[in-house]
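Novice: could you work out the structure for the sequence below:
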Amino acid sequence: MQHSRRNIWLMLAMILTSITAYFLQPTHKIAENSAVINLEMIIPKTFAGWQLAPQQFGQIINPQQKELLAKIYTQTLSRTYINKDGDLIMLSIAYGADQSDAKQLHYPEVCYPAQGFQIKTSTYTQLKTSYGGISVKQLLATMGQRSEPLTYWTTIGDKVVLGARASKIEQVRYGFKGLIPDGMIVRVSTISDDTAFAYQLEEAFVSALVNALSAEMLPRITGLSRTIGLAQGDSH
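Specialist: Residues are numbered from 1 along each chain as shown. As a prediction, the model looks like this:
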């Protein structure tokens, strides 16, 4: 009798779990109700002393990796910028309108080794901007004689999150509302043996880019708000 009751309770629990999973499964993409993302239009080609570099200054990416990124992301943008001193910054942005389990952001810790790089160092920090700090991760990637310090962050919806665990938590938070969030990974890098200088240059570039973004797109790309940033600045 007890064995039969236990089987009944187990069956009821399984049915309840299935029903709950069905009704909690997110079905609506927040990208459908948000401003359309067009990376080519959103990211300016010239701002605060930075402009597009001649085409010979390209980024390393193999055809297989490029094909994979095209399958994962809705849009990708890769540009190289140069300033008056001849400093080069490589900017890469990948946007995915569907950040469900099937389509997750791919981090540089995975993508760079897939192209033959070694990750030498990895550090969490914050980049200072006019509208607050952006939580980022900085890596030092090397391949042969090439040393490439890089800085990146990821967003889920309009919030910056770092790491698979934090991304999953944010994804679940949206899921309880029946929503599928979009996501973005923003990476800046430069080729330099002077790692400290490279990170300073990347921070200056990001700060200038933040000032050049529209108020509407600033939260989507950086998790920052011009209203909040100005209020914080007024309080000092």
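Novice: got a list of what the residue nearest in space to the middle of the chain touches?
Specialist: Centroid-nearest residue in the chain: I185, 1.9 Å away (criterion: CA atoms, centre = their mean). By CB atoms under 8 Å, 6 or more residues apart in numbering, the contact set of I185 is I93, A94, L105, H106, Y107, Y152, W153, T154, T155. All C-beta atoms are positioned from the backbone trio N, CA, C, and that covers glycine.
Novice: by neighbour count, which of the residues you listed wins?
Specialist: T154 (27 neighbours; other CB atoms under 10 Å).
Novice: hey, where'd the strands end up in the chain?
Specialist: Ranges of strands within the chain are 28-29, 46-47, 50-52, 75-82, 88-96, 118-129, 132-143, 146-156, 159-161, 179-180, 183-189, based on DSSP state E.
Novice: pretty sure Y131 is touching P219, no?
Specialist: No - using CB atoms under 8 Å, Y131 is not in contact with P219; the gap is 9.7 Å.
Novice: look at those two and report which has more neighbours.
Specialist: Y131 (25 against 20).
Novice: from V210, how far off is the more buried one?
Specialist: Here Y131 is placed at a distance of 6 Å from V210 (CB to CB, to the nearest Å).
Novice: overlap of the contact sets of these two?
Specialist: L218, T222, L224.
Novice: let me know the pLDDT of the closest residue to the first one other than its chain neighbours.
Specialist: Once flanking residues are discounted, L218 sits nearest to L224: 5.5 Å by CB to CB, 6 or more residues apart in numbering. For L224, the pLDDT comes out at 92.
Novice: quick one: low-confidence parts of the protein?
Specialist: 1-35, 56-72, 98-105, 227-236 (pLDDT under 70).
Novice: returning to that earlier point: what is in contact with Y131 and P219 at once?
Specialist: Joint contacts of Y131 and P219 (CB under 8 Å, 6+ apart) are S225.
Novice: and I42, how many neighbours does it have?
Specialist: With other CB under 10 Å as criterion, I42 counts 19.
Novice: please begin residue numbering at 50 from this point
Specialist: From this message on, residue numbering opens at 50, which makes the last subject I91.
Novice: and the gap between it and I142?
Specialist: As judged by CB to CB, I91 and I142 stand 9 Å apart.
Novice: any shared contact partners between those two?
Specialist: By CB under 8 Å, 6+ apart, I91 and I142 have these common neighbours: I270.
Novice: residues near K226, how many?
Specialist: 12.
Novice: and what of K169?
Specialist: So K169, with other CB under 10 Å, has 12 neighbours.
Novice: returning to what we had before: export the contacts of I234 to a markdown table and tack on distance to P162?
Specialist: What follows is those, written out as a markdown table (distance: CB to CB, whole Å):
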| residue | distance to P162 |
| --- | --- |
| I142 | 21 |
| A143 | 17 |
| L154 | 16 |
| H155 | 12 |
| Y156 | 11 |
| Y201 | 15 |
| W202 | 20 |
| T203 | 18 |
| T204 | 23 |
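Novice: out of those residues, which comes closest to S241?
Specialist: Y201 (16.4 Å; CB to CB).
Novice: residues touching that closest one, list them.
Specialist: Y156, P157, V185, K186, L188, I234, V235, R236, V237.
Novice: phi and psi next, for N87.
Specialist: phi -130, psi 100 (degrees, to the nearest 10).
Novice: any idea how far S263 is from it?
Specialist: N87 is 12 Å from S263, by CB to CB.
Novice: swap in I168?
Specialist: I168 is 34 Å from S263, by CB to CB.
Novice: quick one: which of those two has more around it?
Specialist: I168 (15 against 12).
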